[in-house]
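Participant: Kindly generate the corresponding structure for this input.
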Amino acid sequence: MLTLGIETSCDETSVSVTEGRNVLSNIVSSSVHLHKKYGGVVPEIASRFHVEYILEVLDKALKSSGKRLKDIELIAVTNGPGLVGALLTGVSLAKSLSLSLRVPMIGVNHLLSHLYSAFLSDGELPDFPFIGLVVSGGHTALFYCRDSYKQKLLSQTQDDAVGEAFDKVAKILGLGYPGGPVVERMAKLSKDRERVKLPKTFLGVNSLDFSFSGIKTAVLYYVRASKNKDDEAADICHSFQETVIDELVDKTMRAAEMHKVKNIVVGGGVAANTRLREKFTDAARFSGGVKVYFPERRYCMDNAAMVGVLGEELYKRGQRSDLYLSAEPNLEVVNA
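Facilitator: The predicted structure is shown next:
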C-alpha cells in the first residue's frame, strides 16, 4: 500500500511516503534550535512549530516521493505517547486527509514505531519474538514483542528517561543542548577514566525497571564539590555514559535470558550512540547466540517512515482507527 506517515510527537515535524518497507520519502523538520536556550523541549514552542510547518513538510514529502495526495491509500499517524499539543497537530492533519481523500487511517504507538524502525534496514532483519528496548529523550522501556501487533511491556524508567539524563548532565556541565551527542563526544576525550566514580541504581534483585535520576544527582553533587569542573568534564561524561549504558545493556540482556529470546532490537534517539552500540555488540558476542539489531542512524530519531511502515503492517493485520482517534500523551501498549 502507498502509505502517508505523520509524526509530530515532540519537536520533529515529519511526513513520509512508504510502500511496504520501501521508503519513497521521509522529510523531517526539527525545532531543536528553538529549544537550545531553554536546555530542553518547550511544549508550546514545539506545538506552534508543528502548526507552522506541517503543510510545508507534507508538500516536500509528496514531491520527493513523486506521488500526489490522490495516490495515497492509507494514513498512519502517531497518536501517542508524546506532547499533547504536538500530537494534536499530526492527528488533526491525518483526520482531515483521511476524510477528504476517503482513505483509511490508523493511529500508531510512538514507542513501538521506534522498535519497528529496525525493519527499515536493507540488511539482516530481526525475527520475532524479540526483546525491544526503546531509549530516547522521553522514554526508556523494555518490551517483549511476539509479533508486530502483540507486545508486552516488561519494564520502564521510574523517573528520568535515559536521553533526558544525558540532557541534564550536559546542562549541569554547561555543554549545551541536546545533551546526547555532546556528552558522547566529551566522553571520548577522557584522559583519566578511573577518576570519577558514579553510583549504579539498584531497584531489586529481579527488577528490570530503570532509574536515572540518582546518577544525574550524583553528577550535580560531584560538580558542586569540584574545584575545576572544566578539567574534569570529559571524565565525568565518560563515567556517566558508561554507567547508564551498562544498566541498559545488563537489564536488556537479562530480559532476553528470562524470556529465552535470541533477538534484541534497540530503537530511539539514544540508539544512535556509538558506545551503546559497541557495548551491546560485545555483550551479544559473549551471550551464546543473541543478536542485537539497531536502526540505521537516520531512523533512530523521530521520523514518519517508521510510523508509515508499522501503520501499514498493523492495517494489514486488521487494525483500524476512525475519526474519533484521540491524541493521547500517555498512550499505553495494550496488546499484551
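
Participant: So residue 164 sits against residue 170, correct?
Facilitator: No - applying Cβ atoms under 8 Å as the test, residue 164 and residue 170 come out as separate, 10.7 Å apart. For the C-beta atoms, the positions are set from N, CA and C on the backbone; glycine is no exception.

Participant: what are the ranges of the helices in the stretch 101-250 of the chain?
Facilitator: Along the stretch 101-250 of the chain, counting by DSSP state H, counting those that start in this stretch, helices occupy 110-116, 162-172, 179-188, 213-225, 229-258.

Participant: what's the closest of the ones you listed to residue 132?
Facilitator: Among the helices of the stretch 101-250 of the chain, the nearest to residue 132 by Cβ to Cβ is helix 110-116 (4.1 Å).

Participant: the strands in the stretch 51-200 of the chain, which residues?
Facilitator: Ranges of strands in the stretch 51-200 of the chain, per DSSP state E, counting those that start in this stretch, are 74-80, 105-109, 130-135, 140-147, 150-156.

Participant: Present those as TSV; the columns should include distance to residue 311.
Facilitator: Formatted as TSV, the strands of the stretch 51-200 of the chain follow (distance: least, Cβ to Cβ, whole Å):
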stretch	distance to residue 311
strand 74-80	2
strand 105-109	5
strand 130-135	17
strand 140-147	15
strand 150-156	15
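
Participant: right, and the ones you listed - which one's nearest residue 282?
Facilitator: Taking the strands of the stretch 51-200 of the chain one by one with Cβ to Cβ, strand 130-135 is closest: 15.8 Å.

Participant: May I have that closest one as PDB, with CA atoms only?
Facilitator: What follows is strand 130-135, C-alpha atoms only, in PDB (Å, rounded to 0.1, in the frame of the first residue of the first chain):
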ATOM      1  CA  PHE A 130      12.400 -10.300  20.300                       C
ATOM      2  CA  ILE A 131      13.200  -8.100  23.300                       C
ATOM      3  CA  GLY A 132      12.700  -4.400  22.300                       C
ATOM      4  CA  LEU A 133      14.500  -1.600  24.100                       C
ATOM      5  CA  VAL A 134      13.300   2.000  23.500                       C
ATOM      6  CA  VAL A 135      15.800   4.700  24.600                       C
END
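
Participant: tilt between it and helix 229-258?
Facilitator: 160 degrees (axes from the mean of the first three to the mean of the last three Cα atoms, to 10 degrees).

Participant: what about strand 130-135, distance to the chain center?
Facilitator: 10 Å (Cα atoms, centre = their mean, to the nearest Å).

Participant: what does stretch 308-321 give?
Facilitator: 20 Å.

Participant: for the residue nearest to the spatial centre of the chain, what are its contacts?
Facilitator: The centre of the chain sits closest to residue 268, judged by Cα atoms, centre = their mean, with a distance of 2.4 Å. Counting by Cβ atoms under 8 Å, 6 or more residues apart in numbering, residue 268 touches 114, 133-136, 139, 163, 300.

Participant: Closest one to residue 177 out of those residues, please.
Facilitator: residue 163 (11.4 Å).

Participant: Spatially nearest residue to that closest one, not counting backbone neighbours?
Facilitator: residue 137 (3.5 Å; Cβ to Cβ, 6 or more residues apart in numbering).

Participant: what about that neighbour, distance to residue 197?
Facilitator: Residue 137 sits 26 Å away from residue 197, taking Cβ to Cβ, to the nearest Å as the criterion.

Participant: re the thing from before, okay if I get the strands of the stretch 51-200 of the chain as TSV plus mean neighbour count, distance to residue 289 and mean pLDDT?
Facilitator: TSV is the format used below for these (neighbours: other Cβ atoms under 10 Å; distance: least, Cβ to Cβ, whole Å; pLDDT from 0 to 100):
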stretch	mean neighbour count	distance to residue 289	mean pLDDT
strand 74-80	27	34	98
strand 105-109	26	29	98
strand 130-135	28	13	98
strand 140-147	21	18	96
strand 150-156	17	20	95
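
Participant: who wins for proximity to residue 309 among those?
Facilitator: strand 74-80 (8.3 Å).

Participant: which secondary structure elements does the closest one contact?
Facilitator: Here strand 74-80 is seen to pack against strand 2-7, helix 84-101, strand 105-109, helix 110-116, helix 304-316 when contacts are counted using 3 or more Cβ pairs under 8 Å, 6 or more residues apart in numbering; DSSP states H and E.
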